[in-house]
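# Based on what follows, work out the 3D shape:
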Amino acid sequence: MKKQAIWIAGAFFGGFILLSMTTFTSNDQEKWDVPAKYQKMVNPYADAADDENIGRIVYAKHCKSCHGSKGKGDGTKAKSIDTPMGDFTDDSFKNQTDGALYYKTYFGRDDMPSFDKKITAEEDKWLVINYIKNL
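Modelled structure (predicted):
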């Protein structure tokens, strides 16, 4: 009886450990629902030449500290944030529409702040989208 109780407790504890490992070690971000209006939004500056490097400058000022200089989610503040950083070089990121990225960037959620009031020029917003899609 004692061996059976130990075996059951061990199986229960082992199952709990396995379940918690699969739940808490995932680096996948939870699904971020983007309204259809933004999914379909067209980037009016998609083909614009950024001769003044506005996209890079704005990224360096507002995004680099969390997302890193190469967009891999390894910025200096990344480890202090609970939400996993997205990797801008990954195909799953690059396959998002410009409108979806616009929505996520300028409305934010959780640890991702809204930049709608910090980056006010519409052209600058889109040039940042162009920049991060090319990292």
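# In a helix, residue 55, correct?
Yes. The assignment for residue 55 is a helix, going by DSSP: H, G, I helix; E, B strand; the rest coil.
# tell me the contacts of it?
Counting by C-beta atoms under 8 Å, 6 or more residues apart in numbering, residue 55 makes contact with 124, 127-132. C-beta: built from backbone N, CA, C; applies to glycine.
# Mind telling me what element the spatially most central residue of the chain is part of?
Centrality entry for the chain: nearest residue to the mean C-alpha point is residue 86, 3.2 Å, by C-alpha atoms, centre = their mean. Under DSSP states H and E, no helix or strand contains residue 86.
# what about it, distance to residue 92?
Residue 86 sits 8 Å away from residue 92, going by C-beta to C-beta, to the nearest Å.
# what does residue 80 give?
Distance from residue 80 to residue 92, counting by C-beta to C-beta: 24 Å.
# cool, residue 79 as well?
From residue 79 over to residue 92 the distance is 22 Å, taken as C-beta to C-beta.
# and what of residue 41?
As for residue 41, its distance to residue 92 is 19 Å (criterion: C-beta to C-beta).
# got it, and residue 117?
28 Å.
# now do residue 59
Taking C-beta to C-beta, one finds residue 59 at 20 Å from residue 92.
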